[in-house]
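> Sequence and predicted structure, then a few things I'm wondering about:
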Amino acid sequence: MKVAIVGATGYGGAELIRLLNHHPEAEIVTLHSSSQQGLKYSESYPHLHDIWNDNLVDINPEEMAKKVDLVFLATPSGISSKLTPQLKEQGLKVIDLSGDLRLKNSEDYERWYKKDAAPNEILEEAVYGLPEWFKEEIQNAEILANPGCYPTAVTLGLAPLLQQDLIALDTLIIDAKSGVSGAGRSPSAATHFAELNDNFKIYKVNQHQHIPEIEQTLRRWNEAVQPITFSTHLVPMTRGIMATMYAKAKSEFSTEQLLEIYYEAYHEKPFVRVRPKGVFPSTKEVYGSNYCDIGLAYDERTGRITVVSVIDNLVKGAAGQAIQNFNIMMGLDERTGLNFIPVYP
Ligand SMILES: NC(=O)C1=CN([C@@H]2O[C@H](COP(=O)(O)OP(=O)(O)OC[C@H]3O[C@@H](n4cnc5c(N)ncnc54)[C@H](OP(=O)(O)O)[C@@H]3O)[C@@H](O)[C@H]2O)C=CC1
Ligand SMILES: CC(=O)N[C@@H](CCC(=O)OP(=O)(O)O)C(=O)O
């Protein structure tokens, strides 16, 4: 399968190249840029010197269709909404890492992203690619919306509780933290070393664009889901997301009973690992891998459940999950090219 990457010079694009380089069934044919056409890719990323020396080329859907079958879009929001219709017209399949095609309701997109939404027919066709739960739809997808980094960690952590209606929905609080590569390669005041180092910041309080995406997925499992409280924090580390979720249980449980429910839900899902009682995952334990690791506990004193979910934002939160979706779309084993262990320490 021949593929192209648009936004190859960004962190998501670079991670796609790192992972696809080992993929037995995918061949990267062209790397595209809106600002660095004609330059060697390794000029953007010197660690790829003598590995990826190809020139970056411009974004021309007609020319792309002559060379490849599928296009990965690792572009900022507001690009895929316009580019995907053009790629579709050329008969190309699309996997979009941005938030442009994830929300089914275009008004939600415009409110939270403050940009024009993609055409409704594209939003209707786009399949939301959370492979652990929507595999059947992904198998037939031609346009795939890859989930956001935070929504991946949060929804995988909450799925069994919502699907089995185990929590009082209005008590749910989601507290999430991310490493700075989640903000992309372009520097900003918030990601400046002096602002980030030795610091811990909350940001986008009640304004985060992943709020409607998380609510949309949780409502597929339980229509009664209320507006959620979701807070995001920037941590002075490069990769990793930790989402900690708190909710009151509807009835009394033990931690062992809850773990049984999670083991049952995830035992056939190769990239979700549920930890034993008393063991909680840290971000380093999934670094560089496509795993989502989950730990949980029930507190008999408060009747509250705590779930902790960690991912590498650039792998399970972006490029790795995009390749997992690619594998499912192509009828391959979902682990193809992704079966490697985390980098540690
Ligand atoms: N970083 C992360 O952990 C995650 C990111 N995402 C999403 O994935 C997408 C890519 O993120 P990330 O790689 O971090 O972002 P980066 O900012 O690192 O890279 C984005 C790339 O998009 C390209 N680009 C910019 N403007 C345009 C344009 N007008 N047309 C085409 N390409 C353009 C740029 O390359 P050039 O100038 O060469 O064209 C740039 O290198 C974003 O939508 C992000 O929200 C999703 C999950 C996790
Ligand atoms: C640390 C950090 O800044 N993270 C980014 C993640 C953005 C992202 O991935 O945006 P979409 O999924 O909407 O494309 C943020 O919180 O906005």
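Looks like it arrived, so ask away. Numbering: from 1, shown residues only. Ligands and ions are numbered 1, 2, ... in the order given.
> CA atoms for contacts and neighbours, from now on please.
OK.
> next SSE after the helix or strand where residue 136 lies?
If you go by DSSP states H and E, residue 136 is part of helix 131-139. Proceeding N to C from helix 131-139, the next assigned helix or strand is strand 143-145, under DSSP H and E.
> and for that next one, what are the contacting residues?
93-102, 122, 125-129, 138, 325 (Cα atoms under 8 Å, 6 or more residues apart in numbering).
> Check which helices and strands the next helix or strand after it sits against.
Downstream of strand 143-145, the first helix or strand assigned by DSSP H and E is helix 149-163. Packing partners of helix 149-163 (3 or more Cα pairs under 8 Å, 6 or more residues apart in numbering; DSSP states H and E): helix 211-221, strand 241-248, helix 255-266, strand 292-299, strand 304-311.
> so which of the ones you listed is the most packed in?
For the helices and strands packed on helix 149-163, the largest average neighbour count (mean count of other Cα atoms under 10 Å) is found in strand 304-311, namely a mean of 26.
> now the angle from it to helix 149-163?
For strand 304-311 against helix 149-163, the angle by axes from the mean of the first three to the mean of the last three Cα atoms, to 10 degrees is 140 degrees.
> how many other residues sit next to residue 51?
11 (other Cα atoms under 10 Å).
> Please identify the helix or strand for the closest residue to residue 270 other than its chain neighbours.
Of all residues not flanking residue 270 in the chain, residue 335 sits nearest, at 7.6 Å (Cα to Cα, 6 or more residues apart in numbering). Assigned by DSSP H and E, residue 335 belongs to no helix or strand.
> Help me confirm that residue 335 comes into contact with residue 322.
No. Counting by Cα atoms under 8 Å, residue 335 stays clear of residue 322, with 11.7 Å between them.
> Compare these two and say which one has the larger neighbour count.
Neighbour count, other Cα under 10 Å: between residue 335 and residue 322, residue 322 has more, with 27 against 17.
> In what element of secondary structure is that one found?
Secondary structure (DSSP H and E) places residue 322 in helix 320-329.
> same for that helix, what does it pack against?
Packing partners of helix 320-329 (3+ Cα pairs under 8 Å, 6+ apart): helix 11-20, helix 131-139.
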